[in-house]
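Student: Kindly generate the corresponding structure for this input.
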Amino acid sequence: MIVYHGSIRKFQKITKEMVVQNLNHNINTIGFWFTSDINTAKPFALGTETVFEKSETEFWDNGEPKVIQYEKTVSGYVYKVYIDEPNLKIYESNKEESYDLFMSERDLYCDYLGAIKRNVTWKDDAILLNKEEANTEFRKSLMKQGYEGLLIRKALIHNMITDLYCIFSEDSLLITEVVPLEV
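Tutor: Numbers count the residues shown, from 1 in each chain. Below is the predicted model:
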């Protein structure tokens, strides 16, 4: 199976140390996230980095140039990745959004701050207090059931519909192509 991953970083192998993912709802540490098509991976390859440099126009009283800081737009890479048909938990529904099914199952492991009402969920925009623990326990639960990852069918990402894959281990991931993103 071929999937895609967008990143502003360049790397040769997918590892926890190399891959930094910026996903909504605190789900980034469940595993390694991929999309089913290249176009929905591209927005993840766009970002900013903080740059520090000596000013050519601003100086301190002693004549030394001031150091200025600014955000620079960067474009990264889209990785085409081969995965050898893992056993995936599939979230798919005709009645509700597949992403909602996934998040509802994950919410069983989540503790939220400021729970004025009972049964607060991710939809309430409450602060998640135990992101790492919740994601780890959710992943362990799926692995105990024999799953190597999960698939969220027809997820809405960056105003595009895609299948969203999450793979728990980097062992089965093989980068087959690195496409520089040009803006």
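
Student: Just the helices from this protein, written as ranges.
Tutor: Using DSSP state H, the helices found in the chain span residues 38-41, 98-106, 131-144.

Student: how about CSV for the ones you listed, with mean pLDDT and mean neighbour count added?
Tutor: Backbone N, C-alpha and C define where each C-beta goes, glycine included. CSV is the format used below for the helices of the chain (pLDDT from 0 to 100; neighbours: other CB atoms under 10 Å):
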stretch, mean pLDDT, mean neighbour count
helix 38-41, 94, 20
helix 98-106, 92, 19
helix 131-144, 94, 16
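
Student: Would you mind saying which of these lies nearest His158?
Tutor: Checking these against His158 by CB to CB gives helix 38-41 as the closest, at 6.3 Å.

Student: tell me what that closest one is packed against?
Tutor: strand 2-7, strand 77-83, strand 160-167 (3 or more CB pairs under 8 Å, 6 or more residues apart in numbering; DSSP states H and E).

Student: Mind doing that once more with 10 Å?
Tutor: Applying 3 or more CB pairs under 10 Å, 6 or more residues apart in numbering; DSSP states H and E, we find helix 38-41 packed against strand 2-7, strand 32-35, strand 77-83, strand 149-157, strand 160-167, strand 173-180.

Student: Check what pLDDT the residue of the chain positioned farthest from its centre gets.
Tutor: Within the chain, the residue lying farthest from the chain centre (CA atoms, centre = their mean) is Asn62, at 46.2 Å. Asn62 carries a pLDDT value of 93.

Student: coming back round to it: would you list the helices of the chain in JSON lines and tack on distance to Glu182?
Tutor: Shown next, in JSON lines, are the helices of the chain (distance: least, CB to CB, whole Å):
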{"stretch": "helix 38-41", "distance to Glu182": "13"}
{"stretch": "helix 98-106", "distance to Glu182": "30"}
{"stretch": "helix 131-144", "distance to Glu182": "33"}
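
Student: The longest strand seen in the chain packs against which elements?
Tutor: Across the chain, the longest stretch assigned as strand under DSSP state E is strand 46-59. For strand 46-59, the elements it packs on are strand 2-7, strand 65-75, judged by 3+ CB pairs under 10 Å, 6+ apart.
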